[in-house]
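K.L.:
I would like the atomic coordinates for the input below:
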Amino acid sequence: MTGEPRAADDGSGVPAAGEKRPAAAGEPRAAGDHVHATMRIVLVCATGVLQLGLSLHPVLVQDCRHRWLAVAAFAALAGVTAVCCGWVLRRRPLPGALVAAGTAVVLAASFCAAVALGPERRFGPADWSFGLVGWHLLLLLLDRVRVLVTVLAAHLAASMGMFLSAGVPDRSALGAAGAAAFAAVNVQLAVIVITRVLQQQTREAAPATAERDHLLTKVLTAQQWEQHQHSAFAGQLGSTLPLLAGLADGELDPRDPDTQRRCALAATQLRRLFAENDEVPDPLVHEVTACVDTAERRGVDVSFAVSGAAVPVPAQVRRELTGPVIAALSAARSRARVSVLRTDEEVRVAVVADAAADVAAAATARVRVEYGVYGDHLRLEAGWRTRQG
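P.N.:
Numbering: from 1, shown residues only. Presented below is the predicted three-dimensional model:
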């Protein structure tokens, strides 16, 4: 089948078009990590603003039993936020040891702040630590939802227990405490729900985005391949048109051996160029066969031998390897022998023909060419090392 770019990179400067990138097993997890990293940046900013903007003033001005204990709890919570910033701002997951130690410090700081304030003032206007501790727990345990909900529930239960330990409150105090706890917990649960929704949407959008990128890559690859083919054909036709123009104008004599050799050379080059676009298992042998077929149409008796298993050869290297074949077969008078030898280390293409001694093919940076004349026969061999070094 022709007219389609090959899936593998053939060295023509065009990336693989048909090869679909396999889905990575960690893509859903990567999507979740991206959401958690973004949400943690929001949380670290919110926690810092809440602690410095709303909690610092009560710690400094309000009367409490043990001010030093409240100050120590405030400093511990600020320290946890500061330590987490090192990972959060780099969008990296928090280490497990940091999460465990930070959670313990936050819960201990909450207990110390409650003790310093007094259990009867828990959930009141002076209780700066209850809601703030929940934001610290969100920052630490956002990607561990079950643990986070468990710790938040335990923190709420412990706070309620401390509040009730001061005695049975009246209805107004109980209602105010319930409203404060409900408001704080609702906001924190809303953050968990929002994070889960964003994570799910990101996971659902990831395959669609990957497919869109894949299709865009295929379109760009096809465009590059088409431009490459246009350039290749334009270059080949550019060298053939003067020959055709000379024949049409009568400047070249079709009976002249040199003109016949030039026509044979142009025909072989075009046939090999057409064969380059065919979708075949062994492109090198296919292109050499195309050169052989063109020579046989001119009446040249060509024997063709292939040795070794097929190895991947880039398109540009195949052009350079088949150059001696084209040069020798286009100059062959009646007989030629072509051989292709492939190993794991080297690919060689050799031609022996009863051709003129002035036929030669130039070596390139990647392909070495050996040239020799033996009586009435010309031998050209091109070699390419599959492992450069």
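
K.L.:
make it CA atoms for all contacts and neighbour counts henceforth
P.N.:
OK.

K.L.:
pLDDT below threshold where in the stretch 201-350 of the chain?
P.N.:
Within the stretch 201-350 of the chain, the segments meeting pLDDT under 70 span 205-206, 225-226, 228-250, 260-262.

K.L.:
could you pull out the helices for it?
P.N.:
In the stretch 201-350 of the chain, helices defined by DSSP state H, counting those that start in this stretch lie at 257-276, 283-297, 315-331, listed in chain order.

K.L.:
Which other helices and strands does the longest one contact?
P.N.:
When you say that, I think you mean helix 257-276. In terms of contact count using 3 or more CA pairs under 8 Å, 6 or more residues apart in numbering; DSSP states H and E, helix 257-276 is assigned the packing partners helix 171-249, helix 283-297, helix 315-331.

K.L.:
Between these, which shows the greatest average number of neighbours?
P.N.:
Here the criterion is mean neighbour count by mean count of other CA atoms under 10 Å, and of these the winner is helix 315-331, at a mean of 24.

K.L.:
circling back: okay if I get the helices and strands packed on helix 257-276 as a markdown table plus distance to residue 89?
P.N.:
Supplementary listing: those in a markdown table, determined by distance: least, CA to CA, whole Å:
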| stretch | distance to residue 89 |
| --- | --- |
| helix 171-249 | 18 |
| helix 283-297 | 52 |
| helix 315-331 | 47 |
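
K.L.:
ok, and what's touching the one helix or strand residue 137 maps to?
P.N.:
Secondary structure from DSSP states H and E places residue 137 in helix 129-141. Identification of contacts with helix 129-141 by CA atoms under 8 Å, 6 or more residues apart in numbering yields 40, 43-44, 47, 50-51, 55, 77, 80-81, 84, 94, 99, 102-103, 106-107, 110, 113-114, 123, 147-148, 151-152, 159, 181, 184-185, 188.

K.L.:
and the chain, what are its domains?
P.N.:
With automatic domain parsing serving as the domain definition, the record reports that the chain contains domains spanning 27-208, 253-385.

K.L.:
Compile those into CSV and extend it with columns for distance to residue 216.
P.N.:
Formatted as CSV, the entries for the domains of the chain read as follows, by distance: least, CA to CA, whole Å:
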stretch, distance to residue 216
domain 27-208, 12
domain 253-385, 22
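
K.L.:
mind checking how far residue 93 is from residue 72?
P.N.:
27 Å (CA to CA, to the nearest Å).

K.L.:
wait, doesn't residue 295 sit right on residue 329?
P.N.:
Yes - counting by CA atoms under 8 Å, residue 295 touches residue 329, with 6.1 Å between them.

K.L.:
And stretch 70-89, what's buried?
P.N.:
Of the residues in stretch 70-89, those buried by neighbour count under the rule 16 or more other CA atoms under 10 Å are 70-71, 73-74, 76-78, 80-81, 84-85, 87-88.

K.L.:
Can you give me the neighbour number for residue 148?
P.N.:
By other CA atoms under 10 Å, 21 other residues sit near residue 148.

K.L.:
isn't there a helix covering it?
P.N.:
Yes - inclusion of residue 148 in a helix is indicated when DSSP: H, G, I helix; E, B strand; the rest coil is applied.

K.L.:
Residue 187 versus residue 56, what's the distance?
P.N.:
Applying CA to CA to residue 56 and residue 187 gives a distance of 21 Å.

K.L.:
next one: residue 329
P.N.:
If you measure residue 329 against residue 187 using CA to CA, the figure is 82 Å.

K.L.:
what angle sits between the helix or strand encompassing residue 86 and helix 129-141?
P.N.:
Here residue 86, judged by DSSP H and E, is contained in helix 67-88. Direction vectors for helix 67-88 and helix 129-141, defined by axes from the mean of the first three to the mean of the last three CA atoms, to 10 degrees, enclose an angle of 30 degrees.

K.L.:
Off-centre distance for helix 67-88?
P.N.:
39 Å (CA atoms, centre = their mean, to the nearest Å).

K.L.:
what's the next secondary structure element after it?
P.N.:
Once the chain leaves helix 67-88, the following helix or strand, as judged by DSSP H and E, is helix 96-117.

K.L.:
What angle do helix 129-141 and that following helix make with each other?
P.N.:
The directions of helix 96-117 and helix 129-141 differ by 180 degrees, with the same axes, to 10 degrees as the criterion.

K.L.:
What helices and strands are in contact with helix 96-117?
P.N.:
For helix 96-117, the elements it packs on are helix 67-88, helix 129-141, judged by 3+ CA pairs under 8 Å, 6+ apart.

K.L.:
Phi first, then psi, for residue 281.
P.N.:
Backbone dihedrals for residue 281, given as degrees, to the nearest 10, come out at phi -70, psi -30.

K.L.:
Number of residues surrounding it?
P.N.:
Residues near residue 281, counting by other CA under 10 Å: 10.

K.L.:
mind checking how far it is from residue 309?
P.N.:
Using CA to CA, one obtains 11 Å as the distance from residue 281 to residue 309.

K.L.:
Residue 270 now?
P.N.:
27 Å.

K.L.:
again with residue 74
P.N.:
74 Å.

K.L.:
got it, and residue 151?
P.N.:
With distances taken as CA to CA, residue 151 is found 64 Å from residue 309.

K.L.:
of those two, who's got more company?
P.N.:
With neighbours defined as other CA under 10 Å, residue 151 and residue 309 compare such that residue 151 has more, 18 against 10.

K.L.:
Let me see the contact set for that one.
P.N.:
residue 137.

K.L.:
does it count as helix, strand or coil?
P.N.:
Recorded secondary structure, residue 151: helix (three-state DSSP).

K.L.:
again, but for the one 4 residues further on
P.N.:
Three-state secondary structure (criterion: three-state DSSP) places residue 155 in helix.
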